[in-house]
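> below: sequence and its predicted model.
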Amino acid sequence: MRGGARFRVGGAVGCALLAAAAASACGGGTDGRTVGVVRASWGDPQNALEPANTNEVQGGKVLALIFRGLKQYNPKTGAAENMLAEKIESSDAQNFTVRLKDGWAFSNGEKVTAQSFVDAWNYAALVDNKQKNASFFAYVDGYEKVHPDNGSPTARTLSGLVVKDPRTFTVKLSTKFSTWPDTLGYAAFAPLPRAFFEDHEGWLRKPVGNGPYAVDAYTRGSAMRLSKWDGYPGPDKAENTGVELRVYTDSNTAYTDLQAGNIDLVDDIPSTQLRNVRKDIGDRYINQPAGILQTLFFPLYDGKWSKAGMEKVRRGLSMAIDREQITRRIYRGTRTPATDWTSPVLGDRGGYRPGLCGGACSYDPGQAKRLIKEGGGLPGGRVTLTSNVDTGSHRVWMDAVCNSINNALGDDGACRVNPVGTFADFRNKITQQRMTGMFRSGWQMDYPLIQNFLQPQYYTDGSSNYGKFSDARFDRLVDEANAESDTGKAVAKFQDAERILAGLMPAIPLWYQNGNAGYTADISDVMLNQFSVPVYERIKVK
């Protein structure tokens, strides 16, 4: 998954604005807070919060508060652990029986049943519903009939899903996928209540889930308020009375509000503040490895970037970027130069192997210049670099990357920055295939498997394959890896697929990103999970 739009909300001004979002937004406290509520920085999500249509970070934060699935990822280790699943069994890595725990319900009182999952998954897969995460269900038998390439389905439901009783359903996959159960903590696989289907528009205005929080109100561009659901049956009950997610369009403003005590938590420390953050907030600063990789994608749907020989140009651009200098000067220990297309948090067993990118990820100005010339030169003589600039201090590193390319090529106009004001606008340009040059496509893992870094982004027609890369050898290796019952053999095949990326360079790995955050003395028990997202339900308000 993958910042959003933010603007200043604090003090008396914040109370006036937030009153539109919730009548109690500023009641009960002396500092503009509701008693027991965690106030955190946030950005508007790109789309309404349908689980199967949300594949970016800001929307994902909310889904993690209001939904629980069959599996939940341990916030410390990232391990996939049973949540609603009592057990998931298979004798052949292709046919699975899922048994649910008893006692689970949605916050509107409706029981969570096997049908709640099957209906949600069928909705997600059906091409008519245009869900961005539909391809996560491509391994379920019958997907090609509900989601055909021509857009005209011959079936409305997945033949591989069968409800056996209120607490049991079976899943038949179209091929073996030994680690499939470990993917089921991803939000796309969440169950949905009947209200989602019976009053879809009403549900979108105020989503109903089965997680530890319930949505009270949301005003786009302002804030979302969520309250603790007292009836939540899970083991990870909220330790606070609610969460108030406040929208900021500038991470520096959010940081200033944190220092002033106008908000409690910021999980996007701007790079300009990293020099002083320890002095400003002391041991309330968190900096830890996370499953995040920043990359630059190429629009291979544009013939200028996909014609024969352009792989040399793409590789040359990668070698023109001085990752070591950029991460040292700008990010001060919160980024590490990338040497592959995954993340060190996976570890050796999970598939991370440093150096798979080889020389393509090493700074070599001479070789960069030679490769670009051999490949026919930059299309039109220059390249643009596009990203949103409202979060993540993106403008700073964009300038640094373009300067590095220009210096390596000896041409001040070779690379130009193309900033986009908001995350939502940036995402829309990407999904509408309106990019003409390099663009940021940072990846925050959905689940801790090497498969998640490779398949969604680079497999033909993958859910997040925004550059439209397609290679039959890569696809075959991914399919073979998924079918392997031996984890070591599966990982080795995925790494072979990575080597194809090193040769064709459809995306440039930039750096592995740490999760970092800062919080005030008004809250405690703050931690980031392996995805760099605050574990809101554990936070206590003093």
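Great, that's in hand.

> before we move on, what SS does the closest residue to residue 287 other than its chain neighbours have?
Once flanking residues are discounted, residue 287 sits nearest to residue 516: 4.6 Å by C-beta to C-beta, 6 or more residues apart in numbering. Placement of C-beta: from N, CA and C, glycine included. Here residue 516 is strand, with the state taken from DSSP: H, G, I helix; E, B strand; the rest coil.

> thought residue 516 was touching residue 285?
Yes - at 7.2 Å, residue 516 counts as touching residue 285 under the criterion of C-beta atoms under 8 Å.

> how about the residue nearest to residue 278 when sequence neighbours are not counted, phi and psi?
Excluding the flanking residues, the one nearest residue 278 by C-beta to C-beta, 6+ apart is residue 285, at 6.0 Å. Main-chain torsions, residue 285, degrees, to the nearest 10: phi -100, psi 130.

> could we number from 226 for the rest of this?
In the new numbering, first residue 226, that becomes residue 510.

> please tell me the pLDDT value assigned to residue 510.
We have a pLDDT of 96 for residue 510.

> which residues do residue 741 and residue 510 both contact?
Listed as contacting both residue 741 and residue 510 by C-beta atoms under 8 Å, 6 or more residues apart in numbering are residue 494.

> and residue 651, what does it touch?
Counting by C-beta under 8 Å, 6+ apart, residue 651 has contacts 611, 612, 613, 645.

> of all pairs in these, which one is the farthest apart?
Using C-beta to C-beta, these span at most 8.6 Å, a distance reached by 611 and 613.

> what touches both of these two?
644, 645, 651, 665.

> please tell me I have it right and the last one contacts residue 521.
Right, the one you point to is residue 665. Yes - using C-beta under 8 Å, residue 665 makes contact with residue 521 at a distance of 6.3 Å.

> tell me which of these two has more neighbours.
residue 521 (26 against 22; other C-beta atoms under 10 Å).

> specify which residues of the stretch 526-675 of the chain, grouped into ranges, have pLDDT under the cut-off.
Flagging of the stretch 526-675 of the chain using pLDDT under 70 yields the residue ranges 617.

> can you pull out the strands in it?
560-562, 608-613, 640-645, 663-665, 668-669 (DSSP state E, counting those that start in this stretch).

> the nearest residue to residue 554 once chain neighbours are set aside: what's it in contact with?
Distances taken as C-beta to C-beta, 6+ apart put residue 625 closest to residue 554, at 7.6 Å, once the chain neighbours are dropped. Applying C-beta under 8 Å, 6+ apart, one finds that residue 625 lies in contact with 551, 554, 555.

> the first one: what's it in contact with?
Shown in contact with residue 551 (C-beta under 8 Å, 6+ apart): 622, 625, 626, 629, 736.

> pLDDT wise, what is residue 231 at?
Reading off the model, residue 231 has pLDDT 26.

> please disregard the earlier target; I meant residue 478.
95.

> please apply the same query to residue 251.
Per-residue confidence (pLDDT) for residue 251: 32.

> name the nearest residue to residue 531, ignoring sequence neighbours.
residue 525 (4.3 Å).

> hmm, residue 564 is touching residue 582, no?
Yes - counting by C-beta under 8 Å, residue 582 is a contact partner of residue 564 at 5.2 Å.

> what touches both of the two?
Joint contacts of residue 564 and residue 582 (C-beta under 8 Å, 6+ apart) are residue 734.

> in JSON lines, list the contacts of residue 625 along with distance to residue 499.
Below are those laid out as JSON lines (distance: C-beta to C-beta, whole Å):
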{"residue": "551", "distance to residue 499": "13"}
{"residue": "554", "distance to residue 499": "11"}
{"residue": "555", "distance to residue 499": "8"}
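
> count of neighbours near residue 389?
Residue 389, neighbours per other C-beta under 10 Å, totals 12.

> strand partners of the helix or strand that it is a member of, parallel vs antiparallel please.
Using DSSP states H and E, the element containing residue 389 is strand 386-390. Strand 386-390 sits in its sheet next to strand 393-397 (antiparallel), going by DSSP bridges.

> quick one on the thing from earlier: save the strands of the stretch 526-675 of the chain as CSV, and put in distance to residue 406 too.
Converted to CSV, the strands of the stretch 526-675 of the chain look like this (distance: least, C-beta to C-beta, whole Å):
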stretch, distance to residue 406
strand 560-562, 31
strand 608-613, 35
strand 640-645, 38
strand 663-665, 32
strand 668-669, 21
